[in-house]
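1. one predicted model, sequence on top.
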Amino acid sequence: MNITDHDAARTADRLTRSVAGTVTPRPALSLLPTYAAGKPPRPAEGLTPYKLSSNENPLGPVPSVERAIASVDTVHRYPNPGAEQLRAALAETLDVPVEDIVTGTGSLGALTQVISAFAGTGPDGVPDEVIYAWRSFEAYPIVVRTAGAQDVPVPVTQDGRHDLEAMAAAVTDRTRVILLCTPNNPTGPALRHQEVVDFLGKVPRDVVVVIDEAYQEFVRIEDPVDTLALYREHPNVVVLRTFSKAHGLAALRVGYSIASPEVTQHLRKVAVPFGVSTLGEVAAIASLEALDEVNSRVQNLVQERQRVRDALIDAGWNVPDAQGNFIWLPLRDHAGDFAHEAGLQALAVRAFDGDGVRVSIGETEANDRLIQLCKTYTRTS
């Protein structure tokens, strides 16, 4: 289609919409999947309901964080534009330059900044490409397509791991960003440091490689990815982290990216001003000051995760290596049925139709009820 034909088509489309009297979104929105948040549990007689569908921390924040939040008396004032105090605290805790940190509304907000800055539709009208493993975090295709880029999902292996060899082979001249999710949400396995080092050696240096580690505090494997070392060695690496999971601050939406100045200078241009609230900043700083308590709570959840996984494996279930605060049941076409049965037991779990069910590690009673369900559950034909 030449420019004249293109303009004529746009004019005809606008006339059609004007006559119809409707306001319509841009066509790209019709291609977006809808993000499905974890649903709350349904009540069941005689049972305490538990939400195991959103990977929330059932223990909540440590007490000092709750006190810090209660002390805030400036909610009528705008927060710090770039969460400067939090960035300073993170820089000291992580031993990185403060200029290398950009905050966002959770790690998803930080990811949106990266995609907005580095991937979209090129001057030639052809979309850039963003590679990620699939199944992985369901917001990935939404963020990528909203920016006008083309998502390139690469299937995970049978045991729910990133197929890094296939992801490297998927790189083209149009590739602008690659997303690595470790531990992978929702399947659970985490990447190892050496395999990521090898992967980076196959990726062009002008391609941004995002390592999304929202659950990194829960990882307990040999040779875990040292993302801070990787970002120091590779200017194209961006690390994403959040206070939503281990720190129990999901409702306050505090996340951040760590990257070299040649990356962060662009992220700040697309960052939403005042993205992190005063409550969020105060809470996150207080949580950093209580890291020993936070890590102790995380360890409790890790032990509970292992208990649940061991029990399910003993019951004959195939449960991939779980390194987040959740487990994955690869039920495929039975995912919806299992979620229904869990609902009858007042347990809300997260079903991914055709793939499986993700179950967050929750309160001990909730985990016990899940184990019992799995022991008695019979797959429908």
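-> Here it is on my side, so go on. Numbering: from 1, shown residues only.
2. which strands and helices lie in contact with the biggest helix by length in the chain?
-> Longest among the helix segments of the chain by residue count, using DSSP state H, is helix 291-314. Judged by 3 or more CB pairs under 8 Å, 6 or more residues apart in numbering; DSSP states H and E, helix 291-314 is in contact with strand 326-329, helix 364-376. C-beta coordinates here come from the backbone N, C-alpha and C atoms, glycine included.
3. change it to 6 Å
-> helix 364-376 (3 or more CB pairs under 6 Å, 6 or more residues apart in numbering; DSSP states H and E).
4. pLDDT of the helix it packs on, averaged?
-> For helix 364-376, mean pLDDT is 98.
5. got a list of what the residue most central in space within the chain touches?
-> By CA atoms, centre = their mean, the chain has its centre lying nearest to residue 137, at 5.4 Å. Residue 137 makes contact with 181, 185 under the criterion CB atoms under 6 Å, 6 or more residues apart in numbering.
6. tell me the pLDDT at it?
-> Reading off the model, residue 137 has pLDDT 97.
7. tell me how far it lies from residue 372.
-> Between residue 137 and residue 372 the distance is 30 Å, computed by CB to CB, to the nearest Å.
8. again, but for residue 66
-> For residue 66 relative to residue 372 (CB to CB), the value is 33 Å.
9. repeat that for residue 200.
-> From residue 200 to residue 372 the distance is 44 Å (CB to CB).
10. go on, residue 169?
-> 44 Å.
11. check residue 340 too.
-> Residue 340 is 16 Å from residue 372, by CB to CB.
12. let me see the domain layout of the chain.
-> The record's domain parsing of the chain by automatic domain parsing lists 50-59+292-376, 64-290.
13. can you redo these as JSON lines with distance to residue 22?
-> Formatted as JSON lines, the domains of the chain follow (distance: least, CB to CB, whole Å):
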{"stretch": "domain 50-59+292-376", "distance to residue 22": "31"}
{"stretch": "domain 64-290", "distance to residue 22": "22"}
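14. out of those, nearest to residue 26?
-> domain 64-290 (9.3 Å; CB to CB).
15. show the end-to-end separation of that closest one, please.
-> 8 Å (CA to CA, to the nearest Å).
16. now for residue 223, how many residues are close by?
-> Around residue 223 there are 12 other residues, counting by other CB atoms under 10 Å.
17. isn't it right next to residue 195, touching?
-> No: assessed by CB atoms under 6 Å, residue 223 is found out of contact with residue 195, at 8.6 Å.
18. so which of the domains of the chain is nearest residue 38?
-> domain 50-59+292-376 (3.0 Å).
19. pull out the buried positions in stretch 216-227.
-> Buried residues in stretch 216-227, counted by 16 or more other CB atoms under 10 Å: 216, 217, 218, 219, 224, 225, 227.
20. for stretch 31-39, same thing?
-> Quick answer for stretch 31-39 (16+ other CB under 10 Å): residue 38.
21. and the end-to-end length of that stretch?
-> Termini of stretch 31-39 sit 24 Å apart (CA to CA).
22. so which residues make contact with that stretch?
-> Counting by CB under 6 Å, 6+ apart, 53, 54, 139, 141, 142, 145, 348, 350 sit against stretch 31-39.
23. which pair in these spans the largest distance?
-> 145 and 348 (28.0 Å).
24. who's more crowded, the two?
-> More crowded of residue 145 and residue 348, by other CB under 10 Å: residue 348, with 22 against 19.
25. hmm, that one is touching residue 49, no?
-> No: assessed by CB under 6 Å, residue 348 is found out of contact with residue 49, at 7.5 Å.
26. which residues are common contacts for these two?
-> residue 41.
27. what's the burial count for residue 85?
-> The burial count for residue 85: 15, using other CB under 10 Å.
28. in a strand, it, correct?
-> No: Residue 85: not assigned to a strand; according to DSSP: H, G, I helix; E, B strand; the rest coil it is helix.
29. give the contact list for it.
-> Per CB under 6 Å, 6+ apart, neighbours of residue 85: none.
30. for the stretch 101-250 of the chain, what spans make up the helices?
-> 106-118, 139-146, 164-169, 193-200, 227-233 (DSSP state H, counting those that start in this stretch).
31. now the last one: buried residues?
-> The one in question is helix 227-233. Neighbour-count burial for helix 227-233 [16+ other CB under 10 Å]: 227, 230, 231.
32. in the sheet, who's paired with the nearest residue in space to the second one that is not next to it in sequence?
-> The shortest distance from residue 230 to any residue that is not its chain neighbour, by CB to CB, 6 or more residues apart in numbering, is 5.0 Å, and that residue is residue 237. Beta bridges link residue 237 to residue 209 when assigned by DSSP bridges.
33. now for residue 237, how many residues are close by?
-> 24.
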